[in-house]
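[1] Quick one, structure for this:
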Amino acid sequence: MTKEAFNQKGFRDTLGQFATGVTIITTLDGDGAPVGITASSFNSVSMDPPLVLWSLAKNAYSLACFEKAEYYNIHILGIDQEEMSNRFARPGTDKFNTIEFHAGRGDTPVLKDCAALLECRTRHQYDGGDHIIFVGEVLSHSHSAKKPLVFHQGQYASTLPKAVTRI
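    Numbering: from 1, shown residues only. You can find the predicted model right below:
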């Protein structure tokens, strides 16, 4: 009996049916320079204590920075921040050039005008196959009325309110 090959493209397409928010996660490298990546692998874990998780590929250039980071910031992007998402998704560019930010906890970069912000302290790191899973303790948070940027079926999308059905 032969083992059927796992269809990775089909698996990616299946996962693409799950709409996710788009985040940029920022910290500092060992020299104190800002580092940031776009991630859609973000989720809440616990309300008490307040914990969230996200993951980063083991082959990501910035992995070592995040593995050593005490603090990082998770920015939930707004519908108008698609270009910023694309900028932080590209490797090897000066991602912070022309981007406005200020210093957060541990001087980590906090981006302006996002839909929401979570300032986190690294709590746990776990092996997750070809990714490292980061669990962060949320130290502070804020949000705006801005609609979030969404990623669905391999492309950006937006949320629409669903009509309420009255019975």
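[2] Could you use CA atoms for every contact and neighbour count after this?
    Noted.
[3] Relative to D13, how far out is N7?
    Distance of N7 to D13, given as Cα to Cα, to the nearest Å: 10 Å.
[4] Can you verify my assumption that V138 contacts L117?
    No: the pair V138 and L117 fails to qualify as a contact (Cα atoms under 8 Å) at a distance of 9.9 Å.
[5] Start from the N-terminal end of this protein and give the helices.
    Taking DSSP state H, the helices of the chain run over residues 8-15, 63-68, 82-89.
[6] Make sure E137 is actually in contact with M47.
    No: E137 lies out of contact with M47 (Cα under 8 Å); the separation is 10.0 Å.
[7] Compare the two (neighbour count), which wins?
    E137 (22 against 10; other Cα atoms under 10 Å).
[8] now the more buried one: how far from F66?
    Distance from E137 to F66, by Cα to Cα: 14 Å.
[9] swap in D80?
    27 Å.
[10] So for these two, which sits in the more crowded spot?
    Neighbours were counted for D80 and for F66 using other Cα under 10 Å; F66 has more, 22 against 16.
[11] List the residues that contact that one.
    27, 72 (Cα atoms under 8 Å, 6 or more residues apart in numbering).
[12] please renumber so the chain begins at 13
    All right, first residue 13 from here; so that's F78.
[13] Do you know the pLDDT at it?
    Each residue has a pLDDT score; the one for F78 is 97.
[14] How about the one 3 residues further on?
    Per-residue confidence at A81 stands at 97 (pLDDT).
[15] T14 now?
    On the pLDDT scale, T14 gets 60.
[16] again with N55
    pLDDT, read off for N55, is 95.
[17] Can you report how many residues neighbour it?
    Residues within reach of N55, counting by other Cα under 10 Å, total 14.
[18] So which of the helices of the chain is nearest S67?
    Closest to S67 of these is helix 75-80 (Cα to Cα; 9.9 Å).
[19] what ranges do the strands span in the protein?
    Along the chain, the stretches classed as strands by DSSP state E are 32-33, 35-40, 46-51, 54-59, 62-69, 83-88, 113-115, 121-123, 128-140, 143-155, 161-164, 167-170.
[20] can those go into a markdown table with extra columns for distance to S97?
    A markdown table is the format used below for the strands of the chain (distance: least, Cα to Cα, whole Å):
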| stretch | distance to S97 |
| --- | --- |
| strand 32-33 | 11 |
| strand 35-40 | 7 |
| strand 46-51 | 6 |
| strand 54-59 | 14 |
| strand 62-69 | 15 |
| strand 83-88 | 10 |
| strand 113-115 | 15 |
| strand 121-123 | 12 |
| strand 128-140 | 14 |
| strand 143-155 | 18 |
| strand 161-164 | 9 |
| strand 167-170 | 10 |
